[in-house]
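[1] Please find the sequence and the predicted model below.
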Amino acid sequence: QVQLVESGGGSVQAGGSLRLSCAASGRTVVDYWTMGWFRQAPGKDREFVARISPNSGQTIYAASVKGRFTISRDNAKNTGYLQMNGLKPDDAAVYYCALGSWGDRSTDYTYWGQGTQVTVSS
């Protein structure tokens, strides 16, 4: 079993930055898994934000965040990151990290964190 814990959420003004972290623990070696970030705003479906391959060789971003967000991971620390710059009110949501297979669907991922809230004021 793998446990994921996100941190780093908070409230910022539009144009600000936040860095989310996702700490993994448990029996599974995280090196084998794609790490993804998703977000869900009130009344909306959970949507894909970014993903990174196990060896950090590949990264994919949703069009809405490309150029503003950067996903990374440190397998030695069992931790992933999502650097968010140029935040917009539309980025406000609960952000979730996940481990799973290479894909941008929620069903591609097996393990999920509990989420961290990001609020962006205009």
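    Received the coordinates, thanks.
[2] got the contact list for Pro54?
    Shown here is Pro54, whose contacts under the criterion CB atoms under 8 Å, 6 or more residues apart in numbering are 31-34, 75. C-beta here means a position set from N, CA and C on the backbone, and glycine is covered the same way.
[3] Apply 6 Å and report the result again.
    Listed by CB atoms under 6 Å, 6 or more residues apart in numbering, the contact set of Pro54 reads 31-32.
[4] can you tell me the helix or strand for it?
    Of the helices and strands defined by DSSP states H and E, none includes Pro54.
[5] State the three-state secondary structure for the spatially most central residue of the chain.
    The centre of the chain sits closest to Trp37, judged by CA atoms, centre = their mean, with a distance of 2.6 Å. Recorded secondary structure, Trp37: strand (DSSP: H, G, I helix; E, B strand; the rest coil).
[6] Next one: it, what pLDDT does it get?
    The confidence metric pLDDT takes the value 98 at Trp37.
[7] Let me know whether it touches Val49 as I believe.
    Yes. Trp37 is within contact range of Val49, at 4.3 Å (criterion: CB atoms under 6 Å).
[8] List the buried residues in the helix or strand hosting Ile60.
    Here Ile60 is covered by strand 59-61, with elements defined by DSSP H and E. When burial is assessed from 16 or more other CB atoms under 10 Å, strand 59-61 yields the following buried residues: 60-61.
[9] so which strand or helix has Ser72?
    Using DSSP H and E, Ser72 sits within strand 69-74.
[10] Provide the strand pairings for that strand, with the direction of each partner.
    strand 79-84 (antiparallel) (DSSP bridges).
[11] got the angle for the next helix-or-strand element following the strand it pairs with vs strand 79-84?
    Next along the chain after strand 79-84, taking DSSP H and E as the criterion, comes strand 93-100. An angle of 140 degrees separates the directions of strand 93-100 and strand 79-84 when computed by axes from the mean of the first three to the mean of the last three CA atoms, to 10 degrees.
[12] Run through who's touching the next helix-or-strand element following strand 93-100.
    Read in the C-terminal direction, the helix or strand following strand 93-100 is strand 109-112, with elements assigned using DSSP H and E. Contact with strand 109-112 is made by 2, 4, 36, 96, 98-100, as judged by CB under 6 Å, 6+ apart.
[13] Nothing else from me, thank you.
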